[in-house]
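Chemist: sequence unknown, structure follows:
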């Protein structure tokens, strides 16, 4: 990575997708990408991006129907496994809260 960052010094941050996981919860389909993020000082962290399948009956692998959830909290871990665990816990908690709110009488 250091060689690439020196060769293309105009880029200030680099992201490498190291793991992708597709899950379904409460009838919605999601894709979690674990990325390895580097900056110019080669400081690195594992982060997670959340994508939501916007179409109901389309295969999750069809990228045309995935929409990035930019409101998903920032994940920062030292390992890809830690980032995946934190992302899954955040997604699960978010879905539980949404289900509880929709069940409350208006």
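Modeler: Looks like it arrived, so ask away. What you are looking at is a predicted structure, and each value in this text was computed from that prediction instead of being measured. Numbering: from 1, shown residues only.
Chemist: going forward, measure contacts between C-alpha atoms and count neighbours the same way
Modeler: Will do.
Chemist: mind listing what residue 87 touches?
Modeler: Residue 87 makes contact with 32, 48, 75 under the criterion CA atoms under 8 Å, 6 or more residues apart in numbering.
Chemist: so how far is residue 12 from residue 4?
Modeler: Residue 4 sits 12 Å away from residue 12, going by CA to CA, to the nearest Å.
Chemist: no no, residue 95
Modeler: Between residue 95 and residue 12 the computed distance is 34 Å (CA to CA).
Chemist: so which of the two has more stuff around it?
Modeler: It is residue 95, of residue 95 and residue 12, that has more neighbours when counted by other CA atoms under 10 Å, with 15 against 11.
Chemist: and that one, how far from residue 3?
Modeler: Counting by CA to CA, the gap from residue 95 to residue 3 is 42 Å.
Chemist: rewinding a little: tell me which of the contacts of residue 87 fall in strands.
Modeler: Among the contacts of residue 87, DSSP state E puts 32, 48 in strands.
Chemist: which of the contacts of residue 87 lies closest to residue 91?
Modeler: Taking CA to CA as the measure, residue 32 is the one of those closest to residue 91, at 9.5 Å.
Chemist: give me the element the closest residue in space to that closest one that isn't next to it in sequence is part of.
Modeler: Excluding the flanking residues, the one nearest residue 32 by CA to CA, 6 or more residues apart in numbering is residue 50, at 4.8 Å. Taking DSSP states H and E as the criterion, residue 50 maps to strand 44-53.
Chemist: and that strand, what does it pack against?
Modeler: Using 3 or more CA pairs under 8 Å, 6 or more residues apart in numbering; DSSP states H and E, the elements in contact with strand 44-53 are strand 28-39, strand 66-68, helix 80-103.
Chemist: what sits up against the shortest one?
Modeler: Pointing back at strand 66-68 there. 49, 50, 51, 52, 53, 54, 60.
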